[in-house]
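Asker: would you be able to build a 3D model of this:
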Amino acid sequence: MHINRTQNSVRSNFKDYCTNMYQTEVYPWNGYGDVTTVGTFQQQKGLADMTFLYEVIIISKEEEILLETKVTAKDEENAKFKAEVYDTLRKNRLTPDDVTIITRQLGSVKTNS
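Answerer: Okay, here's the model as predicted:
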């Protein structure tokens, strides 16, 4: 038996729960058939129950560090929200164009959720 697996649709980020569709062609001795499996990318990689540790830093154009914190979140946007990046910008009357926002993934933590 020969199995040829081709990926039809991969339009996801590594951390997204986007569905990937795989077309698997099975060639037994007396014919062949197509099998389609659907799953999430994170489930396939074993990351469905992972939370990531992020370091979030905001630096102004005057080289002043406005925020430096570490948070746990499912993705980069949630990390910025939990670190209160936009509240910090609003408090200092700045826009995202006035600063550099660095979001760095430091590691991953297995969670129950």
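
Asker: can you show me the strands along the chain?
Answerer: For the chain, the strands defined by DSSP state E cover 2-9, 19-27, 33-40, 50-60, 65-73, 99-110.

Asker: which neighbours in the sheet does the last one have, and how are they oriented?
Answerer: Read that as strand 99-110. Strands that pair with strand 99-110, judged by DSSP bridges, come out as strand 50-60 (antiparallel).

Asker: outline the domain layout of this protein.
Answerer: Per the record, the chain has its domains at 2-45, 51-108, by automatic domain parsing.

Asker: weakest of the strands of the chain by average pLDDT?
Answerer: Lowest mean pLDDT within the strands of the chain: strand 2-9, at a mean of 43.

Asker: pLDDT on stretch 83-95, on average?
Answerer: Rounded mean pLDDT across stretch 83-95 is 93.

Asker: what comes into contact with that stretch?
Answerer: Applying CB atoms under 8 Å, 6 or more residues apart in numbering, the contact partners of stretch 83-95 are 54, 56, 58, 60, 66-67, 69, 71, 80, 96, 98-99, 101. The way it works is simple: take the backbone N, C-alpha and C, and place the C-beta from them, glycine included.
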